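*Asks:* Need coordinates for the below:
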Amino acid sequence: MAEGTSVQPFRIAVPDEVLTDLDVRLARTRFPNEIEGIGWDQGTPLAYLDELVEYWRHGYNWRAHEARLNAYEHGTTVVDGQQVHFMHVRSPHASATPLVLCHGWPGSIVEFLETIGPLTDPPDPADAFHLIIPSLPGYGFSGPTTQLGWTPRRIAEALGEVVDRLGYDRYGVQGGDWGSFVVCNMADLRPDRVIGLHVNYLAVPPPKGEAAPENPLRARINATGSGYQQIQGTKPQTIGYLLDDSPAGLAGWIVEKFREWSDCDGDVGRSFTKDQLLTNVMVYWVTRTATSAARLYWETRQAGRDTLPQAPVTVPTGVAVFPKEAGRSLRSHAERRYNIVHWTEPPRGGHFAAMEVPELFVDDVRTFFRGVR
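*Replies:* As a prediction, the model looks like this:
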């Protein structure tokens, strides 16, 4: 990974021996016991994970999903000593607006697959985008991080450099989860380059002395579902030995969040297919990045306030607050830190909106950028 400004073409090609090893590990999964009738109260249920592993071994076809991903252009470049992978999907319309789409944890580039066609080739060419969809450093095909200090703000600096190398002077940015932190920092760092900031996750604390808005979703997660933050924010290396060694364990760790944070009424299959869930898990497995992805929580804890935008963001900002998104603010609070020009509350969807309700996600992105192009 020699430092430079070159962009190299990239193709996903997982060796056969990696897939053979995966099948052996899945076949040898040692499942724990479970309290009868406990359901999801203590995490991913045994019956669900057993069924998912069986499908993974006998029904799921990675090569088909690998080919789907490879139907798009991919590239890599090295920034600040770290490889950064990205999909680069050009619109057939030359006047399209460049747009960075940024995932978080435990997501990946897979989250955006259903949005690529509608965003790059819409009915109205004026709505078209050229898409840059990076794998965050430490995630997926960017590979593991090998240095300390890869916070959302440093990632934002790196992704700005990637967009420069692709030749775009003016562009939009969009993100959810950690991707929201990254793109908010991109807008803060490059207000002269970013034409619009769109997020589907924005948690701005209330002014000092004012209570936060009532949020039953956040209260429930804080009470019963925040352990992952404590573990990944304090001991990511320890949990990494489990996640990078056991594919069933990795799936149980990740899929539980897709159920918990989506608009599925408790049935994760209502929002995502098994193939969608497993392809996202596979991106972590075949790249061995579950540990380095978890480190982002540790890095952010160490950096504290320095990982956030350092001044009020002046770039026009759009916020889509999906109903099952726990990370939400009052608009009045958000306006203290961001130049809010677009605020919507779609009728369905949760944390992984681009993957769960792609049509609503696409519509909101289009509507926002019509006003800021």
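
*Asks:* Distance from stretch 238-249 to the middle of the chain?
*Replies:* Its chain's C-alpha centre lies 20 Å from the corresponding centre of stretch 238-249 when counted by Cα atoms, centre = their mean, to the nearest Å.

*Asks:* measure that stretch end to end?
*Replies:* From its first residue to its last, stretch 238-249 covers 14 Å (Cα to Cα, to the nearest Å).

*Asks:* how about residue 78, secondary structure?
*Replies:* Three-state call for residue 78 (DSSP: H, G, I helix; E, B strand; the rest coil): strand.

*Asks:* gap between it and residue 243?
*Replies:* Counting by Cβ to Cβ, to the nearest Å, the gap from residue 78 to residue 243 is 26 Å. C-betas here are computed from N, CA, C, even on glycine.

*Asks:* and those two? which has more neighbours close in?
*Replies:* Neighbours of residue 78 and residue 243, each counted by other Cβ atoms under 10 Å, are more numerous for residue 243; the result is 25 against 18.

*Asks:* OK, contacts around the more buried one?
*Replies:* By Cβ atoms under 8 Å, 6 or more residues apart in numbering, residue 243 lies in contact with 249-250, 253, 284, 290-291, 294.

*Asks:* Closest to residue 198 out of these?
*Replies:* residue 284 (25.8 Å; Cβ to Cβ).

*Asks:* how close does the closest one get to residue 315?
*Replies:* Note on residue 284: its distance to residue 315, by Cβ to Cβ, is 31 Å.

*Asks:* Please say which of those two ends up with more neighbours.
*Replies:* The residue with more neighbours, out of residue 284 and residue 315, is residue 284; 26 against 23, by other Cβ under 10 Å.

*Asks:* The more buried one should be in a helix, yeah?
*Replies:* Yes: remark: residue 284 belongs to a helix, assigned using three-state DSSP.

*Asks:* ok, now which ones touch the nearest residue to it once chain neighbours are set aside?
*Replies:* In this structure, residue 284 finds its nearest non-sequential neighbour in residue 290, 4.8 Å apart by Cβ to Cβ, 6 or more residues apart in numbering. By Cβ under 8 Å, 6+ apart, residue 290 lies in contact with 240, 243-244, 250, 253, 284.

*Asks:* one more time with 6 Å, if that's ok
*Replies:* 243-244, 250, 284 (Cβ atoms under 6 Å, 6 or more residues apart in numbering).

*Asks:* Check it and give its pLDDT.
*Replies:* Looking at residue 290, its pLDDT is 98.

*Asks:* tell me which helix or strand of this protein sits lowest on mean pLDDT?
*Replies:* In the chain, no helix or strand scores lower on mean pLDDT, DSSP states H and E than helix 216-224, which sits at a mean of 86.

*Asks:* Other residues contacting that helix?
*Replies:* Contacts with helix 216-224, where a contact means Cβ under 6 Å, 6+ apart, come from residue 326.

*Asks:* Mind listing what's buried along it?
*Replies:* Buried residues in helix 216-224, counted by 16 or more other Cβ atoms under 10 Å: 217-218, 221.

*Asks:* Next secondary structure after that helix?
*Replies:* Where DSSP states H and E defines the elements, the next helix or strand beyond helix 216-224 is helix 227-234.

*Asks:* tilt between whichever helix or strand comes after that next one and helix 227-234?
*Replies:* Using DSSP H and E, the helix or strand that follows helix 227-234 in sequence is helix 236-243. Interaxial angle, helix 236-243 versus helix 227-234 (axes from the mean of the first three to the mean of the last three Cα atoms, to 10 degrees): 120 degrees.

*Asks:* Distance from helix 236-243 to the middle of the chain?
*Replies:* Centroid displacement of helix 236-243 relative to its chain, using Cα atoms, centre = their mean, is 20 Å.

*Asks:* Kindly provide the whole-number mean pLDDT of that helix.
*Replies:* 98.

*Asks:* which parts of that helix are buried?
*Replies:* By neighbour count with 16+ other Cβ under 10 Å, helix 236-243 contains the buried residues 236, 239-240, 243.

*Asks:* before we move on, the earlier item: which of the contacts of residue 243 tops the neighbour count?
*Replies:* Result: residue 290 is most packed of the contacts of residue 243 (other Cβ under 10 Å), 28 neighbours.

*Asks:* any idea how far that one is from residue 98?
*Replies:* Distance, residue 290 to residue 98, using Cβ to Cβ: 31 Å.

*Asks:* What ranges does the stretch 1-150 of the chain have for its strands?
*Replies:* Ranges of strands in the stretch 1-150 of the chain, per DSSP state E, counting those that start in this stretch, are 8-9, 74-79, 82-89, 97-102, 129-134.

*Asks:* and the angle for the second one with strand 129-134?
*Replies:* Which is strand 74-79. Going by the same axes, to 10 degrees, strand 74-79 makes 60 degrees with strand 129-134.

*Asks:* Any chance you could list what contacts strand 74-79?
*Replies:* Under the contact criterion Cβ under 6 Å, 6+ apart, strand 74-79 has outside partners 1, 3, 7-10, 83-88, 158, 161, 165.

*Asks:* Thanks a lot, see you next time.
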